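> how would this look folded up:
(chains A and B)
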Amino acid sequence: MSDRREPDGIVLTEAQKRSRRQRSIAIALALGVLVVLFFAVTIVKGPAVLNRPM
Amino acid sequence: MSVVDHNAIELGPRISEAEVGDYIALLKPRVMSLVIFTALVGLVIAPGHVHPVLAFTSLLCIAVGAGASGALNMALEGDIDALMSRTANRPIPRGRVTASEAMAFGLTLAFFSVMTLGILVNWYAGALLAFTIFFYVVIYTMWLKRWTAQNIVIGGAAGSLPPVVAWVAATGSLSVEPLLLFLIIFFWTPPHFWALALFRSDDYARAGIPMLPVVAGPDATRLQILLYTIVLVAVAVAPWPLGYFDAIYGLTSLVLGGGMMACAIHVYRRRERTESLRATRRMFAFSILYLFALFATLLLEVAGRAIAAAIG
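A predicted model of the protein is given here:
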């Protein structure tokens, strides 16, 4: 048995690749929602968006 | 073999196979749905007009904040979740997500929900949402839950805050009405969870959680359920004679309160194994219907007033 790791490093299984892709898409969608939300609120508030009282 | 090589083999990176569904499960969707509903009521009964985009933003932030609390709760309770049949299928005990992954997920969502609510709506609401998450995770999960039988009584404050956060998001201030909603959920929590704890007491005992039936026994729990239900019904009816909510709410509250009292009396009187089990399950199920119907009545009242104003 060799005590050295294979030179090609970590190879993802199909299940790992699929779940990673799913998670990446979910993160992209969440970021997209955040961008749309900030844009929509900026439009709704208009210039008042700069007014930031506590 | 060098130590570094050995560690590289033994402690190699763990590649996650967690799917989006596992992360959604971390958010406790059923708890989230109740939070969204009670927050919606807080938002709708608030005076004045709230732009739909801001209302949606507020609800989304409150929902994500509640989900973050759920994920952080699961990250901290993986050890006891694995011991209870009700929670053994959660993503952490099943090995789908690690505790540290759940912790990172929960902290990220908590940060974004609080900051987004603060920046886009108002900072009072953002601060109150942050306090709610802190109370649920630190005060309830980390401290009270494993320490005292009063865990869900005090911890219930976290679950009672969403309608208050929503009201503050809508108005920028606090008033009596959201505090009444807070009190209703606060006094609803002990009978609801103690009914669950009565028929799941073996689970809680195995996990070493000092729920009231485990620590004080089922009879003491039945008495506490009855006493808290009396207070709950009184608190839930009170806004009507005090003039905060209309007669439709008051009458609905009386009828539903009668149902809650009947369930609590059944739980108190039925002490034989099978009968007791049936009574506590009925109490648990009815308590969900009770809170939902009570808050739905407030929504209908507001909708009714809006329709009347539009017609008249």
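> Tell me where chain A is predicted with low confidence.
Scanning chain A for pLDDT under 70 picks out the ranges A:1-7, A:52-54.
> Around chain B, pick out the residues from it.
A:3-5, A:10, A:12-13, A:15-16, A:19-20, A:22-23, A:26, A:34, A:37-38, A:40-41, A:44, A:54 (CB under 8 Å from any CB of the partner chain). Using the backbone N, CA and C atoms, a C-beta is placed for each residue, glycine as well.
> Would you map the helices across chain A?
A:14-45 (DSSP state H).
> Check which residues of the host helix or strand of B:Val168 are buried.
Taking DSSP states H and E as the criterion, B:Val168 maps to helix B:162-171. Of the residues in helix B:162-171, those buried by neighbour count under the rule 16 or more other CB atoms under 10 Å in any protein chain shown are B:Pro162, B:Pro163, B:Val164, B:Val165, B:Ala166, B:Trp167, B:Val168, B:Ala169, B:Ala170, B:Thr171.
> Kindly export it (C-alpha atoms) in CSV.
Extracted as CSV, the C-alpha positions of helix B:162-171 are listed here (Å, rounded to 0.1, in the frame of the first residue of the first chain):
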residue,chain,number,x,y,z
PRO,B,162,-42.3,38.3,15.1
PRO,B,163,-45.6,40.3,15.1
VAL,B,164,-43.9,43.0,17.2
VAL,B,165,-40.9,43.2,14.7
ALA,B,166,-43.4,43.4,11.8
TRP,B,167,-45.4,46.2,13.6
VAL,B,168,-42.1,48.1,14.3
ALA,B,169,-41.1,47.6,10.6
ALA,B,170,-44.4,49.1,9.5
THR,B,171,-44.6,52.0,11.9
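> Going by contacts, tell me the helices and strands next to that helix.
The criterion is 3 or more CB pairs under 8 Å, 6 or more residues apart in numbering or on different chains; DSSP states H and E, and the helices and strands that helix B:162-171 contacts are helix B:29-45, helix B:52-76, helix B:123-134, helix B:176-199.
> Out of those, flag the one nearest chain A.
helix B:52-76 (4.7 Å; CB to the nearest CB).
> quick one: contacts of the next helix or strand after that closest one?
With elements assigned by DSSP H and E, the helix or strand that comes after helix B:52-76 is helix B:78-81. Outside helix B:78-81, the residues that touch it by CB atoms under 8 Å, 6 or more residues apart in numbering or on different chains are B:Met74, B:Thr87, B:Ala88, B:Arg90, B:Ile92, B:Pro93, B:Ala99, B:Ala102, B:Arg146, B:Ala207, B:Gly208, B:Ile209.
> Which SSE is immediately downstream of helix B:78-81?
The C-terminal neighbour of helix B:78-81 among helices and strands, as given by DSSP H and E, is helix B:99-120.
> Alpha carbons of that next one, as CSV, please.
Coordinates of each C-alpha in helix B:99-120 appear next as CSV, following Å, rounded to 0.1, in the frame of the first residue of the first chain:
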residue,chain,number,x,y,z
ALA,B,99,-22.7,21.4,12.8
SER,B,100,-20.1,23.9,11.6
GLU,B,101,-21.8,24.1,8.2
ALA,B,102,-25.1,24.7,9.9
MET,B,103,-23.5,27.4,12.1
ALA,B,104,-22.0,29.2,9.2
PHE,B,105,-25.3,29.0,7.2
GLY,B,106,-27.3,30.3,10.3
LEU,B,107,-24.8,33.2,11.0
THR,B,108,-24.8,34.3,7.4
LEU,B,109,-28.6,34.3,7.2
ALA,B,110,-28.9,36.1,10.5
PHE,B,111,-26.4,38.8,9.4
PHE,B,112,-28.1,39.4,6.1
SER,B,113,-31.7,39.4,7.4
VAL,B,114,-30.9,41.9,10.2
MET,B,115,-28.8,44.2,7.9
THR,B,116,-31.3,44.1,5.1
LEU,B,117,-34.2,44.9,7.4
GLY,B,118,-32.2,47.7,9.0
ILE,B,119,-31.0,49.2,5.7
LEU,B,120,-34.2,48.8,3.7
